[in-house]
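# sequence and predicted structure below; questions after.
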Amino acid sequence: MARNATYPVEIGPLVTGDRHRHVRIERPGSAPVWEACATGADLVSALTVFRPDLDLGDESQVHWVGSPGQWPQG
């Protein structure tokens with residue numbers, strides 16, 4: 001996935017056969033981290049650790065690459 005530095009959090013697309021969405025989280029003063037999240041709960045956990053200041057519902061902070069709010073099945 002191409003990096004889009006416009007958003008502090010970017011949630012990658014649903015990919016057939018992949019059990020996770022790949023999430024890039026920008027951290028102020030540090031390198032971004034990549035997390036593989038299988039569920040919305042995984043995403044919330046990652047944001048709690050790396051960016052507790054962000055609002056998951058704020059579209060100016062969080063960008064979904066297709067299928068917002070959806071997670072891989074199975």
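Received, thanks.

# now the helices for this protein?
40-50 (DSSP state H).

# just for it, where's the confidence low?
Residues of the chain meeting the criterion pLDDT under 70: 1-5, 74.

# His22: what's it in contact with?
Contact analysis of His22 by CB atoms under 8 Å, 6 or more residues apart in numbering lists 1, 11-12, 34-37. From N, CA and C alone the C-beta is placed, and that goes for glycine too.

# for the closest residue in space to Leu54 that isn't next to it in sequence, grab phi and psi.
Leaving aside its chain neighbours, Leu54 sits nearest to Gln61 (5.1 Å; criterion: CB to CB, 6 or more residues apart in numbering). Dihedral pair for Gln61: phi -110, psi -30, per degrees, to the nearest 10.

# hmm, Gly40 is touching Trp71, no?
Yes. Using CB atoms under 8 Å, Gly40 is in contact with Trp71, at 6.3 Å.

# these two: who's more crowded?
Between Gly40 and Trp71, counting by other CB atoms under 10 Å, Trp71 is the more crowded of the two (17 against 13).
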